[in-house]
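Asks: Structural data only, the sequence is not supplied:
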């Protein structure tokens, strides 16, 4: 049986404040919990409603009732598994490859999609501004589908970080040079900005190369009176990473 | 004052069944309603809580109280504008350009993002299977940000459609040929599949060219024991359309 205090503690991890205070976060769902168990993440506890879900008998495993799991869960329809893991210390950056930087991306779904893209394209390092949405936010974790376990993610002051790193800094701007024709080096920094405001003015000053995804020529002239929306930050990231990794 | 029956009618349009029965749908928010008013869509009625929102005095405009708008709205926090528009008859397809085909895309957010991508890349025609999520679903409309007004969208039996069209048919498959090296014609059909199951077996038979986004070589060898998730259908569409439109 799970004591009331444990349930209260686990519920508190739905909030960033308590995640940071305790250095822990919650993962729900068999597939995601398995990815974390198979990763370098340190496990604190895994609550399961059936004994043999993971074919492993570890002291961290605890059998609970469906009712108890529902009380801990942040989901409307709780899964049969809930894991508590420790927030890791970010690894040292590898300056021989591309590093993705996010300047205040706020939407959990966007961050989750971007983490999946990093995993897919083998972008190992993701550096986020301090106001970017927390990657251990349950909505982000759900959107990453476990791929966050294969991405080294940290939060920092971008101005300080970008001032000290010895790599060409590419930033995405509506009026930047075409990413199709721009020479792309084998290593660098790619900065994606906030959903509504793009890259902030202070970060913009540190950008060496402004790039953009040009609209097809046929398109640009077609609807002069209408404002085609810009691309969503997650789909734009997909296209930029594709261009970087494309041979 | 809006009569009770009107409110009931507008609320009913939240459901696909009633949208199809009446040939109408609801759009919420100033920006989106403005896009529809400036488009070829036929307006039935626009309810506004302030008289001068659109600087136009049309018989379709009706001033309502915030309380009345809240009763009609499908949103938790209603906007100050709600429009009722007619579902158009799809235009004739242009076989001199690329046509995007969706085989049972079910998530409203994914369809919304894909419609935005069509608008951005100037893909005018989007053909959906009959089980693809309804594009006049309020969640889809919200995700498109009005760009649906610039895309010609229809639902049809894909097997019949693909059997009769005289264009090369490209389908996306995990084991397809690399889209980076494949020769891309100036016109064709690109099929994207369902979120969980990809392209259905019956549609697969009609595909002439199977293509894929290859993972970076460095990536493929790195995590042999782990299943990197495939790309989400919306981000994959972004990359394929980018490859098609890229010079």
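Replies: Yes, it's here. Here the structure is a predicted model, which means the values were calculated and not measured.
Asks: Domain map for chain A?
Replies: Per the record, chain A has its domains at A:4-86, A:98-245, by automatic domain parsing.
Asks: among the ones you listed, which is the most enclosed?
Replies: Mean neighbour count, computed with mean count of other CB atoms under 10 Å in any protein chain shown, is highest for domain A:98-245 among the domains of chain A, reaching a mean of 19. Bear in mind the C-beta positions are built from the backbone N, C-alpha and C, glycine included.
Asks: among the domains of chain A, which is nearest chain B?
Replies: domain A:98-245 (3.5 Å; CB to the nearest CB).
Asks: And the helices in chain A?
Replies: Remark: helices assigned in chain A by DSSP state H are A:4-12, A:16-22, A:30-37, A:66-72, A:108-121, A:138-144, A:158-164, A:201-204, A:217-220, A:233-245.
Asks: what about the longest one and chain B, touching?
Replies: Spelled out, that is helix A:108-121. Yes. Contact of helix A:108-121 with chain B (CB under 8 Å from any CB of the partner chain) involves A:109, A:113, A:116-117, A:119-121.
Asks: what about stretch A:98-118, distance to the chain center?
Replies: Counting by CA atoms, centre = their mean, to the nearest Å, stretch A:98-118 is centred 5 Å from the centre of its parent chain.
Asks: Show the average pLDDT along it.
Replies: For stretch A:98-118, the mean per-residue pLDDT is 97.
Asks: Over to stretch A:230-245?
Replies: 94.
Asks: Tell me if that stretch is near chain B.
Replies: Yes. Counting by CB under 8 Å from any CB, chain B is contacted by stretch A:230-245 at A:230-232, A:234-236, A:238-239, A:242-243, A:245.
Asks: hang on, the earlier thing: dump the helices of chain A into a markdown table; add distance to residue B:139 as well.
Replies: As requested, those are exported to a markdown table (distance: least, CB to CB, whole Å):
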| stretch | distance to residue B:139 |
| --- | --- |
| helix A:4-12 | 28 |
| helix A:16-22 | 27 |
| helix A:30-37 | 24 |
| helix A:66-72 | 26 |
| helix A:108-121 | 13 |
| helix A:138-144 | 16 |
| helix A:158-164 | 33 |
| helix A:201-204 | 33 |
| helix A:217-220 | 26 |
| helix A:233-245 | 17 |
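Asks: before we move on, back to that, and the residues of helix A:108-121 next to chain B, which two are furthest apart?
Replies: The span of the residues of helix A:108-121 next to chain B, defined through CB to CB, is set by A:109 and A:121 at 18.6 Å.
Asks: ok, residue A:169 - contacts?
Replies: Each residue near residue A:169 by CB atoms under 8 Å, 6 or more residues apart in numbering or on different chains is listed here: A:162, A:188-189, A:191, A:206-209.
Asks: Please tell me how far it sits from residue A:127.
Replies: Separation of residue A:169 from residue A:127 (CB to CB, to the nearest Å) stands at 12 Å.
Asks: again with residue A:138
Replies: Distance from residue A:138 to residue A:127, by CB to CB: 22 Å.
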